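Colleague: I would like the atomic coordinates for the input below:
(one chain, ligands or ions: 1)
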Amino acid sequence: MTIKYFLAALFIGFFNPIFSQQSKDPIIESKIEALISKMTLDEKIGQMYQAVGNKKIEQLLPMVEKGEVGSFINVEDNQLVNQIQRTALEKSRLGIPLIIGRDVIHGYNTIFPIPLGQAASFNPSIVERGARVAAIESSYNGIRWTFAPMIDISRDPRWGRIAESLGEDPYLSSVLGVAMVKGFQGKKMSDPTSIAACAKHFFGYGASEGGKDYNSTNIPERLLRNVYLPPFEAVTKAGAATFMTSFNDNDGIPASGNKFMLSNVLRGEWGFDGFVVSDWGAITQMVNHRFCKDEKDAAEISVNAALDMEMVTLSYKKYIPELVQEKKIDMAVIDEAVRNILRIKFRLGLFENPYIDLTKPRPSYKPEFLADAQNAAEQSVVLLKNSNNTLPIDTRKIKKIAIIGPLANAKHDQLGTWVMDCDKSRTITPLMAIQEQFGKDFEIIYEPGLKFSRDKSLEGFKAANAAAKKADLILYFGGEESILTGEAHSLANLNLQGAQSELITALKKTNKPIVFIVMAGRPLIIENETKQSDALLYAWNPGTMGGPALANILFGKISPSGKLPVTFPKMLGQIPVHYNHNMTGRPASGKETMIDAIPLETRTLTVGCTSYYLDAGFDPLFPFGFGLSYTNFKYDKLTIEKPTLVSTDTLYISFELSNIGKLDATEVAQLYVSDLVGSIARPVKELKRFDRIDLKAGETKKVKMSLPICELAFYGMDMKRNVEAGDFQLMIGGSSESGIKSNFKVTQ
Ligand code: GLC
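Modeller: Residues are numbered from 1 along each chain as shown. Got it, this is the predicted structure:
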């Protein structure tokens, strides 16, 4: 079911992805040229400006009438959109429609799991569907451009924006980023429910030093091309309409002033023909970066770097006229920026169909959308521990359930970051769902114990403990409020906030089994709490329907199938920690002496001498791709059709996957490839394929996967992307840490 996304995620030159970017339409191109030939410089600059839209109409209309603005961000009312659009079409000199943008990140009214949670589903169909629903709901409000997908490779959970990302892996982010573009842009961009996607944040933003937002990044070009750029290249080939530059400077050059990346790579190498918008104020912030001496300098650098549109600041409006006068910017460069912007407006059908049909009913919260959101939430939950088969709840033994914790009934925080247009009263929390679905079969005792995740007060502990003592099972819903992730919300400490750890320790003393359900926008440091729990479910921020999704999993209506899209560190000090690391010259053996086992006065260099931590070892708490099920799976009979191949071949493998347990379930089978020697040191393994496979209890399926050898290409010593001959190992399994293995060779 997901092959179409794989093809679309393939890289340049090897394969024509089914969903290749839109080729230029000669009719549109001629209309663009006709318009440009009539436009004054001020009208051209107007197209290059995105104004803040949440202003009074009387403030907006004059700008529109004079053609001084090409786009608005955050106009929040569809009648207002129609009104300003009518002014643009009927009163401005050239009648160029506006494009209205908004952050529609993981739902608009109906909220889906945060992108990091959706990534845990390893299901591009789910991700595409979520984007499609968001496009249908948001386009009814006049939004025809979303600032998503965010496809920053994120390896540092201190960074609050990891919540918006699709995780640490380039392949997973590529496949799911393409799915989001397809969902937002639909089958035809000119369809009124299609909204232009925006690949962000270009580029390298997820590597912000120290996980501190807006901080510098220092990614060398080869690492950039092998790890951080692939998702951006994949969505370009899949037809993403726009890009957004990021706030960070990489190796001293702010992304909004990086001509090499915006011109040579994005347009020259990848053939991108949409338009690029800056992030909010990112152009004039190059003065703060001490990269530009003033805003005029910033405007000159960004325009000449092929950054087409300025988001909300005014450097283009103020300084382009004199920069053109001073011949510091060619008119040809201005024309190209306007061309790119008009091209997307034409492709969206805004000239022919600029208005929202308000005679149609508002499509928000449709039952099928809520069902889609629940399905996405169910597939995003990851089971990380389940000792003594605590889960699913054994309804024969368990009659009294204590529901405790600050996130059991948190309608707002369950939704996650970037939710501006939803009605939180529509959120169904776990408490609501469990009471509604199972309240008649069980005695449900609800005592939050803490009012919110950062609550340090112990006053609720007594009641919570009393509830726990009465119960047969404790469901503890903890984690973090949604405001603790998202933009500008980085944390230097990832322990559970407030008195949550103390509460779990207190509950542990009741000797009742504890199921710890985490709602969070990032991996948290929860080794101790995991040890104290009998079962652990990671639900991320599961969205509007997170409650029914968790109830179905807890009571065994479905088996959890999520897998981690990001590595969970044992300790903060392990960060950055990710599965596709290099081997190093002294790889950890797993047999190292740990800190408490070191004899007194041990002599230097007699302990360890490999790449590990004395106090944390080497392994993370949970690895990328890991996730348990209510059943067990067996991988067997791995075969490779042709173990010696050339770069134009395709590797065909098959294996048997069996559900050896008693419950129907779904497994995400993952294919990892290790390049054993390269012209540069290569990652220990890289995810190259995955697929969700449904298996009834006792069922065995023969699974086939194919991998064009061209997808093993990487940027090597010569900074060219090639497949290098040599020996490879492959592993098929249910996580990045274990599986059945085989070998193959590429001869040329
Ligand atoms: C913000 C974010 C970006 C968002 C934009 C518009 O600063 O960095 O992701 O799309 O501004 O809200």
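Colleague: alpha carbons only for contacts and neighbour counts from here, please
Modeller: OK.
Colleague: Domain-wise, how is this structure divided?
Modeller: Residue ranges for the domains of the chain, per automatic domain parsing: 25-347, 377-554, 578-619, 633-747.
Colleague: Make JSON lines out of those domains and add distance to L370 and mean pLDDT.
Modeller: Output for the domains of the chain, formatted as JSON lines (distance: least, CA to CA, whole Å; pLDDT from 0 to 100):
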{"stretch": "domain 25-347", "distance to L370": "7", "mean pLDDT": "97"}
{"stretch": "domain 377-554", "distance to L370": "7", "mean pLDDT": "98"}
{"stretch": "domain 578-619", "distance to L370": "34", "mean pLDDT": "93"}
{"stretch": "domain 633-747", "distance to L370": "22", "mean pLDDT": "98"}
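Colleague: Please report phi then psi for the residue lying closest to R155 once chain neighbours are set aside.
Modeller: Excluding the flanking residues, the one nearest R155 by CA to CA, 6 or more residues apart in numbering is E168, at 5.2 Å. Per-residue torsions, E168: phi -100, psi -10 (degrees, to the nearest 10).
Colleague: E168 contacts P565, doesn't it?
Modeller: Yes: between E168 and P565 there is a contact at 6.5 Å, judged by CA atoms under 8 Å.
Colleague: what's the overlap in contacts for those two?
Modeller: Contact criterion CA atoms under 8 Å, 6 or more residues apart in numbering; residues shared by E168 and P565: none found.
Colleague: Name the residue in these two with the higher neighbour count.
Modeller: Neighbours per residue, other CA atoms under 10 Å: of E168 and P565, the larger number sits with E168, 28 against 25.
Colleague: Only the buried residues of stretch 491-502, if you could.
Modeller: 491, 494-501 (16 or more other CA atoms under 10 Å).
Colleague: I'd like those as TSV, with distance to M717 and secondary structure appended.
Modeller: Formatted as TSV, the buried residues of stretch 491-502 follow (distance: CA to CA, whole Å; DSSP: H, G, I helix; E, B strand; the rest coil):
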residue	distance to M717	secondary structure
L491	36	coil
L494	38	coil
N495	41	coil
L496	43	coil
Q497	45	coil
G498	49	coil
A499	51	coil
Q500	49	helix
S501	48	helix
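Colleague: Could you list which of the residues you listed also contact the ligand?
Modeller: By CA under 6 Å from any ligand atom, no member of those lies near the ligand.
Colleague: The ligand: which of those residues is nearest?
Modeller: Closest approach between the buried residues of stretch 491-502 and the ligand, by CA to the nearest ligand atom: L491, at 17.2 Å.
Colleague: Hmm, that closest one is touching R158, no?
Modeller: Yes: L491 sits in contact with R158 when judged by CA under 8 Å, with a separation of 5.0 Å.
Colleague: okay, and the common contacts of those two?
Modeller: 211-212.
Colleague: How about the stretch 401-550 of the chain: which residue is closest to the ligand?
Modeller: E487 (6.5 Å).
Colleague: scratch that, the stretch 101-250 of the chain
Modeller: F147 (4.7 Å).
Colleague: Return the distance of that residue relative to D472.
Modeller: Distance, F147 to D472, using CA to CA, to the nearest Å: 47 Å.
Colleague: looking at it, E76 is touching N54, isn't it?
Modeller: Yes: counting by CA under 8 Å, N54 is a contact partner of E76 at 6.9 Å.
Colleague: Settle it for me: which of those two has more neighbours?
Modeller: E76 (20 against 14).
Colleague: In terms of helices and strands, where is the more buried one?
Modeller: Per DSSP states H and E: E76 is located in neither a helix nor a strand.
Colleague: Contacts only, for it.
Modeller: Applying CA under 8 Å, 6+ apart, the residues near E76 are 53-54, 141.
Colleague: could you dump the residues you listed to a markdown table with secondary structure?
Modeller: Listed next are the contacts of E76 as a markdown table, based on DSSP: H, G, I helix; E, B strand; the rest coil:
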| residue | secondary structure |
| --- | --- |
| G53 | coil |
| N54 | coil |
| N141 | coil |
